[in-house]
Structures are given as structure tokens and as C-alpha cells.
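# Fold the following for me, if possible:
(chains A and B)
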2 protein chains.
Amino acid sequence: MYSLEELQSQITELFSRVQIPDYPENLYQPISYSMSQGGKRIRPLLAFLACQVFDGKISDVIPASLGLEIFHNFTLLHDDIMDDAPIRRGIPTVYKKWGANTAILSGDTMFVIAYEHITRSNPKILKEILELFNRTAREVCEGQQLDMDFEKQKNVTIGEYIEMIRLKTAVLIAGSLKSGAISASASIEMQVAIYNFGINIGIAFQLMDDLLDSYGDEKIFGKKTGNDIITNKKTFLYLKAYEKADFNVKKKLDAAFLLKDNNLKVKKVTSLFDNLNIKPETEMIIDYYSNRAYQILDSMNLEANKKSIIMELSQKLVRRNY
Amino acid sequence: MYSLEELQSQITELFSRVQIPDYPENLYQPISYSMSQGGKRIRPLLAFLACQVFDGKISDVIPASLGLEIFHNFTLLHDDIMDDAPIRRGIPTVYKKWGANTAILSGDTMFVIAYEHITRSNPKILKEILELFNRTAREVCEGQQLDMDFEKQKNVTIGEYIEMIRLKTAVLIAGSLKSGAISASASIEMQVAIYNFGINIGIAFQLMDDLLDSYGDEKIFGKKTGNDIITNKKTFLYLKAYEKADFNVKKKLDAAFLLKDNNLKVKKVTSLFDNLNIKPETEMIIDYYSNRAYQILDSMNLEANKKSIIMELSQKLVRRNY
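From the prediction side, this is the model:
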């Protein structure tokens, strides 16, 4: 069995060999730029890992892994337009560097390239992989829509928020794992279990992202904290704070979120979050979803060393430093 | 064999049964709006016709037909953002009605829905249909990029222009016909012939569109003429005019294209086009590509009644009133 590091280096090697055409240059150059930014390649790693755990041949999961990662990068291109985001992974977004039209069309083309890779799947599993990929892609779009809707919607419940991050983030994590299971011809029972495991880990992963945005160590987290607060983003922390606050504290939250001085705003909001115990509340819900995932994993009929490598990756996703 | 009218009414019936989900409303309502605008459903008609001509079962081409038409509508959604277009088929574009973000995300979702239909193809032909669809979609994106590039590019040759419309328009016409042939399990030879027929008819179709934009009868054409002239679009007519003009006439064309008064501009440019014989020049190149298509059709080993129904549809596409 390959270690996570070995799988990761196979994936790095795989992506270094992906060829993007040259012409039309204005279409493909932004795609090369987007793909060369790397990122953590979490989705291919999950697919590789699941394929290995279910005794498949890694080569069988390569088309889906490439498709899933290129799809993920495509969504970032379009999300950055919708969010008017100037920076991604420390460098200018395609949208900022080349404009909205380029980001739209290069994104569309990446979506086609993702399907081109998916289409190279073993014909025996092609239909199954495609159905999973289509469903996942559709749900990710639905999640992005809900995310945008919630920006304008006054009352968002925590239940609605969890459903939104399930669609926007967790289904792609779960779909990556299930792609590995399908590629390894795992039983339907195992496919369902690893998918549900992925949904719960995926939700925990996004909640951890919310937590790190406000409470991460900038040196370890790698980006400036407080961005969600500055943009009034309705994260779990925000929603939980309003849920717990009484009338007076709500007024203080309202006032803090209206502050124009960003440093002061982050300081004030964080201090109100602290008073309301939002950090431990968030850790508690992260643990809740992680534990649901671990229970599913525990109940699966898999050798101990396989469970432990899945655990190892999950904990990398969910127990990040802060 | 069904007549064109019978095939058309089957297609109308088919699209009336397409279900679009309700929730999230802000995602799916623009999709329903876009799909309910109808349009001529040319691409499904081509696919149905080719399937019938090659003795296939119409039911086998339904998934690809739905996919091709929904894909076409998706490209319109995104093109309208890139072209900043307020009106399409006489009503506001999704982009104008709901904004760019909605048009981006609803468009992306339509793209997924197109693939969902394609995925329902008979498993025996799924991979072939998918490969054709992927390639076609990629080329349409490349064509749109070249179209945008040419807006900013000073010198565009007629050869480059024909290559652009081949990618942007003709490959989808050709791909629709070939989807029908694949669905009917036609021979590779027939698939290649009908595809090449479609490329030539598709180029003629787009050139006719260029011609009608300047010389169409508004009552029959159904939209105001002169739009390409007003927007300085580098159509075949524009490029041919500059190709034929001597130094003095070029200066006159430059001056006319700079006019701010749209009515005067259309009048002046059209008069210069007339002096340069641009209308007959365009008719000549339309005939050239139509004839190439008809030669291919003629050489195909098909019964006369089948050739004549293909001719009937082609002439509807290319010999429109003006």
C-alpha cells in the first residue's frame, strides 16, 4: 500500500504531465495559469486513496481524478468572478488578471476538459462515473447559488447553512472518494459508506475553514485571518453568534459588523464571538461531523491499516493547525 | 419516413416535457426562462433527421438531441454576457434580466444538464457520443474566443474568419448530424460524410446570417437589420469590403464606421458595400460552401428520398428570404 506522501507525489507527477493546448492563446493561457497554481490536490488524493483502499488499480482512477481536480479549478475561476475576488492562492485571480469574459470562457473550456478526462474512464465504469460526476457538478452549482442567495437573505438558519456547505463543498469530497471506490469496483454498500463518510468529513472540513478564517494562526494558516468578518460573510460563526446573542448583544454585533475600520471591526467582532463562546461551539460541531464520519469508517468492513490511512488523511483535512 | 414538419413537432413535444427543478429558484428559474424561449431547435432537428436517414430509431437520438440543444442555449447565456447583449429572441437576455452572476451560474448548470442528457445515451454508443460532444463543445469555446480576439485584432483575413465560424457555428451543426448517424449505427464512412456535409452547410448558414444582418427584409428576417454595421462587427461583408477597397474607398469605409448616427452609418456603409458588390460576393461564397455540401451529399450512397429530405432542410437553413 502506498503512503499518503507516495500517492501525493504520484499526483504531482500526474498533473505535471497534463498538456494544455497553445491556441487560441487567450483561451488556454489562463487555463495553464490556473492549473499551474497547484493547490493541495485534495480531491485526486481522496480518489487515489479510496481506489487503493478498495484494492483497485490506481491507473483506473486517473481519468476521474484529473476530471475532479480540473472541475474544482473551473469552479474557482467562475466563483472568483461572482465573488469579485482579486487574489487566490497568493496571486491574482484569472478574473482580475484577464477580466470576466476570459474567466467565463476559459472556465467553460476547463469544464469541457474535465469531461474529456472523465470520458477516458474504463468503459465498464464510464456511465457510473459520469452519473456521479454530473450529479456532483450540479450540486456544487446549487451550493454556490445558495451561498449567493444567503448573502442577501436576512435570516439564514444553521441547518440551511450546513445544507449549503454540503452542496458547495462536501459532495465533491464525497464524490472524489466514491470515484475511487467505483474505479476499484467496490460493492455498492462500500460506495455508499465511503460517500457518506466523505459528506461528513467534507462538512467538518468547511466548518474548520470557517473557524480558521477567524481564529487561524496566520503563519500556519497561510492567509490573513478576519476576511469573513470584514466581508460580513454568514459563516457558521456568524450564524451561531446571532443565534446565541440576546437583544443587546445582537445590537452590538450589528454595530460591529457596520464598522468601516477593518482592523477595529475584526477586533470587535472577535471579542463578541469570544464572549459568546463561538470558538468552542464551532469546535464542537466540527467534532460532531468528524465523529459521524469516523463512526461510518469504523463500521466498514476494512482492514485496520486501510482504516488508519483514511483516518490519517481525514485528520489532515479537519485537524488543521490554528 | 417522417417529414420535417413531423420531426419538428416531435421535437416540440419532447422539449415541452423537459423538467427543470424548482429549487434553488434563483438558479433554475433563469434556465426555464431560457429554455422556454424556444428558438428553432435546429440542432435536434438535424440529429433526428440524420438518425432517420440512417435507419436508426428516433428514440436512440433523443438524449444527444436534448444535450445538444441545451448546450447551445447554455452558450447563448454566456455569450450574451461576453457580448453585453440586452435582447435575445425579442425578450431580455438572462444576463440583462438577472445579472452576470446568475447568467454565469445558471449557464454552468445548463452545461451539466446537457451532459446529464448525453449520459442517458445507449451505453453502446455513449463513449462515441461523449467524445463527439466534448470535442464539439471545446471547439465552440475556441470559436467564441477567436470571435472576441478578432474584435480587437486589426487585420483579420477571410480565411481566419471562416475558421472562426467553422468552430463557433459549423461544428455544432455538423456534430448534431453526426450524433444522429452514430445513434443509428451508421458506418464510419457515412459519419464522416455527414459531418463534412454539416461543416459546409454550417459555414454557409453563418455567412447567410451575416448577409441577412445587412440585407435581410426586416419583416421576414424578424429582426432589425444593420446591427453588425452599427457594432463594427468584422463579418464576411466587412472583411470582403476592406479586401476589395482601394486606398480611397478604405478611407471612406473608415469614416463611415466612425459615424455616431446609427441610421446614417448603416446607410453610408451599405452604400459603400453596394459599390463594392459585397452582396453578390457574399452570395457567391454562400453558394460555394452550399455546393461543397451538396456534392458531399450527392456522393453518399443514400436513397433519393433521403437525400431530398436532407436537401429540404439544408435549403431552409441556407436559402432564407432576404
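
# Could you check how far residue A:177 is from chain B?
Per C-beta to the nearest C-beta, to the nearest Å, residue A:177 is found 20 Å from chain B. Heads up, the C-betas are built off the backbone N, CA and C, glycines and all.

# tell me which element that residue falls in.
helix A:171-183 (DSSP states H and E).

# and residue A:254, what does it touch?
For residue A:254, the contact set (C-beta atoms under 8 Å, 6 or more residues apart in numbering or on different chains) is empty.

# What helix or strand is it located in?
Per DSSP H and E: residue A:254 is located in helix A:247-257.

# With just CA atoms, put that helix into PDB.
C-alpha atoms of helix A:247-257 as PDB (Å, rounded to 0.1, in the frame of the first residue of the first chain):
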ATOM      1  CA  PHE A 247     -31.200  41.500  22.100                       C
ATOM      2  CA  ASN A 248     -28.400  43.700  23.500                       C
ATOM      3  CA  VAL A 249     -25.500  41.600  22.100                       C
ATOM      4  CA  LYS A 250     -27.300  41.400  18.800                       C
ATOM      5  CA  LYS A 251     -27.200  45.200  18.700                       C
ATOM      6  CA  LYS A 252     -23.500  45.100  19.500                       C
ATOM      7  CA  LEU A 253     -22.900  42.600  16.700                       C
ATOM      8  CA  ASP A 254     -24.900  44.700  14.300                       C
ATOM      9  CA  ALA A 255     -22.800  47.800  15.200                       C
ATOM     10  CA  ALA A 256     -19.500  45.900  15.000                       C
ATOM     11  CA  PHE A 257     -20.300  44.500  11.500                       C
END
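
# And the longest helix anywhere in chain A, what does it pack against?
When chain A is scanned for its longest helix (criterion: DSSP state H), the result is helix A:123-152. Judged by 3 or more C-beta pairs under 8 Å, 6 or more residues apart in numbering or on different chains; DSSP states H and E, the packing partners of helix A:123-152 are helix A:58-82, helix A:100-119, helix A:158-165, helix A:171-183, helix B:25-36, helix B:100-119, helix B:123-152.

# residues of that helix that come out buried?
A:125-130, A:132-134, A:136-150 (16 or more other C-beta atoms under 10 Å in any protein chain shown).

# Tell me which stretches of the stretch 201-322 of chain A form helices.
A:218-221, A:227-230, A:236-244, A:247-257, A:262-275, A:278-299, A:304-318 (DSSP state H, counting those that start in this stretch).

# Only the buried residues of the fifth one, if you could.
Taking 16+ other C-beta under 10 Å as the neighbour-count basis, helix A:262-275 is seen to contain the buried residues A:265, A:266, A:268, A:269, A:270, A:272, A:273.

# which one of those is nearest chain B?
residue A:265 (25.4 Å; C-beta to the nearest C-beta).

# show me what contacts the closest one?
So residue A:265 contacts A:229, A:230, A:256, A:257, A:259 (C-beta under 8 Å, 6+ apart).

# Highest neighbour count among those residues?
residue A:229 (24 neighbours; other C-beta atoms under 10 Å in any protein chain shown).

# Quick check: the gap between it and residue A:271.
The gap separating residue A:229 from residue A:271 is 11 Å, by C-beta to C-beta, to the nearest Å.

# Which phi and psi values does residue A:38 adopt?
Residue A:38 adopts backbone torsions of phi 80, psi -100, taken as degrees, to the nearest 10.

# That one - how many residues pack around it?
Using other C-beta under 10 Å: residue A:38 sits among 9 other residues.

# Touching, it and residue A:91? I think so.
No. Residue A:38 is not in contact with residue A:91 according to C-beta atoms under 8 Å; the separation is 10.8 Å.

# and the closest residue to residue A:101 other than its chain neighbours, what does it touch?
Nearest residue to residue A:101, sequence neighbours excluded (C-beta to C-beta, 6 or more residues apart in numbering or on different chains): residue B:82, at 4.5 Å. Neighbouring residues of residue B:82 by C-beta under 8 Å, 6+ apart: A:101, A:104, A:105, B:144, B:148.

# Among these, which pair sits farthest apart?
Greatest spatial distance in the contacts of residue B:82: A:104 and B:148, 10.5 Å, computed using C-beta to C-beta.

# Could you pull up the residues touching the residue in the stretch 51-200 of chain A that chain B sits nearest to?
Nearest residue of the stretch 51-200 of chain A to chain B, counting by C-beta to the nearest C-beta: residue A:145, 4.0 Å away. Residues counted as contacts of residue A:145 (C-beta under 8 Å, 6+ apart) are B:24, B:26, B:27, B:105.

# Can you list the low-confidence ranges for chain A?
For chain A, the stretches flagged by pLDDT under 70 are A:221-222, A:320-322.

# List the single closest residue to residue A:133 in space, sequence neighbours excluded.
residue A:118 (5.4 Å).

# Can you pull the residues of the stretch 101-250 of chain A lying near chain B?
Residues of the stretch 101-250 of chain A that fall close to chain B, judged by C-beta under 8 Å from any C-beta of the partner chain: A:101, A:104-105, A:108-109, A:111-113, A:115-116, A:119, A:123, A:126-127, A:130-131, A:134, A:137-138, A:141-142, A:144-146, A:148-149.

# what number of residues lie near residue A:297?
Neighbour number of residue A:297 under other C-beta under 10 Å is 21.

# And for the one 4 residues further on?
Using other C-beta under 10 Å, residue A:301 has 8 neighbouring residues.

# likewise the one 4 residues further on?
Summarising burial for residue A:305: neighbours were counted as other C-beta under 10 Å, giving 9.

# buried sites along stretch A:230-241?
By neighbour count on 16+ other C-beta under 10 Å, the buried set for stretch A:230-241 is A:230, A:233, A:234, A:235, A:236, A:237, A:238, A:239, A:240, A:241.

# Farthest pair within the residues you listed?
A:230 and A:240 (18.4 Å).

# Go through the contacts of residue A:145 and give me the one with the most neighbours.
residue B:105 (26 neighbours).

# That one reaches residue A:78, doesn't it?
Yes. Counting by C-beta under 8 Å, residue B:105 touches residue A:78, with 7.2 Å between them.

# can you list contacts of the helix or strand encompassing residue A:48?
Here residue A:48 sits within helix A:42-53, counting by DSSP H and E. With C-beta under 8 Å, 6+ apart as the contact definition, helix A:42-53 has outside contacts at A:1-2, A:4, A:7-8, A:10-11, A:14-15, A:57-58, A:60-61, A:64-66, A:68-69, A:72, A:172-173, A:176-181, A:183-184, A:186, A:194, A:198, A:302, A:306, A:309-310, A:313, A:317.

# Please export the C-alpha coordinates of it as CSV.
Taking Å, rounded to 0.1, in the frame of the first residue of the first chain, the C-alpha atoms of helix A:42-53 are listed here in CSV:
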residue,chain,number,x,y,z
ILE,A,42,-7.0,17.1,-2.2
ARG,A,43,-9.7,15.6,-4.5
PRO,A,44,-7.4,13.5,-6.6
LEU,A,45,-5.7,12.3,-3.3
LEU,A,46,-9.0,11.2,-1.9
ALA,A,47,-9.8,9.4,-5.2
PHE,A,48,-6.4,7.7,-5.3
LEU,A,49,-6.7,6.7,-1.7
ALA,A,50,-10.2,5.2,-2.0
CYS,A,51,-9.1,3.3,-5.1
GLN,A,52,-6.2,1.9,-3.2
VAL,A,53,-8.2,1.1,-0.1
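
# That's all I had, so thanks and see you.
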